[in-house]
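J.: Turn this into a model:
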Amino acid sequence: MPRPTAVRYVGLAGSLLLAVAAWLGGASSPWEPTVTPRTIFAGENGVALPLAWLLGTLLIIGAWVVGVRLAPTARWAYVTAALWAVPLLPFLPLGSYDAFSYACQGWQQSAGLDPYAGGVTDLGCPWATAVAPTWLSSPAPYGPVFLLLAGLAVKVGGSLTGTLAALRVIALLGVVLIALCLPTLARHSGVPLGRAVWLTLACPLIPIHLISGAHNDAVMVGFVVAGLAVALGSRLTWAAGLLLGLAIGVKATAVVVVPFAFWLALRSRTSGYLRAGAELVAGVLVALAAASLISGRGFGWITGLAGSGASVQWTSPATAIGMTIDLFGPDAVPVTRVVGIAVLAVVLVLLWWRARLRDPLLYTGYALAATVLLSPVFHPWYAVWALPVLAASLHDHLRWLVVPCAVAAALCLPDGYNLALAVKAQGAILMTAFVIYLAWKALHEAKNRNSRGPGADRAVHRLPG
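T.: Numbering: from 1, shown residues only. Predicted structure coming up:
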C-alpha cells in the first residue's frame, strides 16, 4: 500500500505538470487549437506541451484513484486537495473555452444588453475573438443568477484577464461551499468524512475543470450541496428552497434535486407533507423571481436553454445511439435525444418514489447521475453534478463512481480539444454497444431476481445495473 505522503506529492507533481501545460497551451485561441492529436503526431508544437499534459493527467488521476484505498482523514484530504488546486490558479483555463463565453455574457449583462436575445456576434463583445466558434451565435443558456455573477466579474475585473480571474474566484468559492457542506451530508449517511472529501475535492475534475476551467458548474453544485445540507440539518425548509432556487438560477439542471429535497426536508421536521412541500417550492420560486427581477432579464433565460444542445458528441449515450444510426440511415440524433429525455423522466419518477422509503440523499445522487447519463450533451465537467452527493452517501460499489470520473478527467486536451472528436464514428459505435450490453445485463439481473422470488435482494446501497 503506497504511503499517504507519496500519494499527496505524486498528485502535486501531476498538478504542477498540468500548470506547465496550461502555461504552454491553455485555452487562448479557439480558431487555431494549440494541440490536437494531429499536431501531436506531426510534432508541430514540440513535445513539452503534450508530455506535460499526458504525464500530469496520469499522475493526478493515478494518485486520486490510489488514495481512495488509503481511508484518509478529513484534514489530510482537505489539505491535499487544496495543494493540488493551487498550481493551476495563475494560468490559462484548462480543457475548455467556456470561461471566455462567460466573460462575454457578463460583459453584455453589465452593458445593459440582453444575453438571452442573441450571441456575441449579434449583440457584440470586445472579447468575441476569444469565444469558441460553436457559441458565437448562441444566446446564454444559463440562469439569471449566473448572469449577475458574470456581470459582477466584469465590473470587478475590467479587462478580459481580470474578468477571467474574477470568474475563477467565483468558481473557487463554489468549491469552498461544497467543502463546507460535505460533513453534513456524510454524517447523515454514515460515510467516513475523509473518504467523502477525498472522492470529491481531490477528484481531478475539480482542479482541472471547476477551478482552472472556471466552470459555473462549481457554483451550481455548491448551491445544490448547500441546499441539501440545510434540508438535512435544520427545519428551515424555505432556506433549502432558496439555495436550490439559486442553483437552478445558475443552471436549470439543478431542478431535478428539488423533489428529492422534499423527502429530506420531511424527515428533518414534524410538519406535514403539504407545509414542507409549500415551503420548499416557495423558497425556490422566490429565489428565481428575485434573480430574474434584479438581473432585469425577466424569465427570458428559460428560452435560452434550447441552445445548450448544439454540441453533438458520442459521450452522451443518447446522442451516440443516434450517431450510430446515422452511419447507416437518416439523421436520428434528434429522435434518440428525445427518447433519452423521456427515459430520464421515467427514471427520475421511479427513483423519487423509491427514495421515500430509503435514503433520499443517496437517491438524489442517483438522480443527478441519471441526468448526466441521459442528457443530450455530456461534457467531462458534468460528471461533477453527482460526485459530492454520491461520495457522501455511497457505501460501496465505488468503482462506478471512480472510473467514469477518472476517464472524464482525461478527455480534454489543454486548450479544450475534446478527444472524443478524434474518434466520432468509433466512439459512437462503442458507446452504443456498451449501452446495449448494460440494457441486456439489467434485464438479465431483473429476470434472475424475479426467479428467486421477492425479498431476494434488499441491498439498499447497490447501484442499479
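
J.: okay, CA-based contacts and neighbour counts for the rest of this
T.: Fine.

J.: just the strands in the stretch 351-465 of the chain please.
T.: Counting by DSSP state E, counting those that start in this stretch, one finds no strands in the stretch 351-465 of the chain.

J.: From the centroid of this structure, which residue is nearest?
T.: The residue lying closest to the centre of the chain (CA atoms, centre = their mean) is residue 382, at 2.9 Å.

J.: and it, how far is that from residue 200?
T.: Residue 382 sits 13 Å away from residue 200, taking CA to CA, to the nearest Å as the criterion.

J.: residue contacts, the residue nearest to the centre of the chain?
T.: 217, 372 (CA atoms under 8 Å, 6 or more residues apart in numbering).

J.: ok, now residue 421?
T.: Residues near residue 421 by CA under 8 Å, 6+ apart: residue 313.

J.: let's see it at 6 Å
T.: If you count contacts by CA atoms under 6 Å, 6 or more residues apart in numbering, residue 421 has none.

J.: If I look at it, what pLDDT would I see?
T.: Note on residue 421: pLDDT of 85.

J.: Helix, strand or coil: sort out residue 38 for me.
T.: helix (DSSP: H, G, I helix; E, B strand; the rest coil).

J.: so what pLDDT did it get?
T.: At residue 38, the predicted lDDT confidence score is 74.

J.: same thing with residue 152?
T.: Looking at residue 152, its pLDDT reads 96.

J.: What separation do you get for it and residue 247?
T.: Here residue 152 is placed at a distance of 17 Å from residue 247 (CA to CA).

J.: burial count for residue 234?
T.: Other residues lying near residue 234 total 13 when counted by other CA atoms under 10 Å.

J.: Looking at residue 152 and residue 247, which one has more neighbours?
T.: Ranked by neighbour count (other CA under 10 Å), residue 152 and residue 247 place residue 247 first, with 31 against 20.

J.: residues touching the more buried one, list them.
T.: Shown in contact with residue 247 (CA under 6 Å, 6+ apart): 220, 223, 224, 254.

J.: Ok, residue 72 next?
T.: Residues in contact with residue 72, defined by CA under 6 Å, 6+ apart, are residue 194.

J.: Report the secondary structure state of it.
T.: Put simply, residue 72 is coil when judged by three-state DSSP.

J.: Can you mark which positions in the helix-or-strand element of the chain with minimal mean pLDDT are buried?
T.: When the helices and strands of the chain are scored by mean pLDDT, DSSP states H and E, helix 37-42 comes last with a mean of 73. Judged by neighbour count using 16 or more other CA atoms under 10 Å, the buried positions of helix 37-42 are residue 40.

J.: do stretch 322-338 as well
T.: Buried residues in stretch 322-338, defined by neighbour count with 16+ other CA under 10 Å: 322, 323, 324, 325, 332, 333, 336, 337, 338.

J.: Distance from the chain centre to that stretch, please.
T.: For stretch 322-338, the separation from the chain centroid amounts to 26 Å (computed by CA atoms, centre = their mean, to the nearest Å).

J.: tell me the mean pLDDT over that stretch?
T.: Mean per-residue pLDDT for stretch 322-338: 90.

J.: for that stretch, how far is the first residue from the last?
T.: Chord length of stretch 322-338, first to last residue, is 11 Å (CA to CA).

J.: Touching it from outside, list them.
T.: With contact meaning CA under 6 Å, 6+ apart, stretch 322-338 is reached by 318, 319, 376, 428, 429.

J.: now, the most widely separated pair of these?
T.: 376 and 429 (16.6 Å; CA to CA).

J.: Those two: which is more packed in?
T.: Taking neighbours as other CA under 10 Å, residue 376 and residue 429 compare with residue 376 leading, 28 against 20.

J.: For the more buried one, give me its contacts.
T.: Contact partners of residue 376, counting by CA under 6 Å, 6+ apart, are residue 337.

J.: follow-up on the earlier one: just give me the closest of the contacts of stretch 322-338 to residue 29.
T.: Nearest to residue 29 out of the contacts of stretch 322-338 is residue 376 (CA to CA; 26.9 Å).

J.: Next, give phi and psi for the closest one.
T.: phi -60, psi -20 (degrees, to the nearest 10).

J.: go on, residue 72?
T.: Note on residue 72: its backbone torsions stand at phi -70, psi 160 [degrees, to the nearest 10].

J.: Look up how far residue 203 lies from it.
T.: For residue 72 relative to residue 203 (CA to CA), the value is 14 Å.
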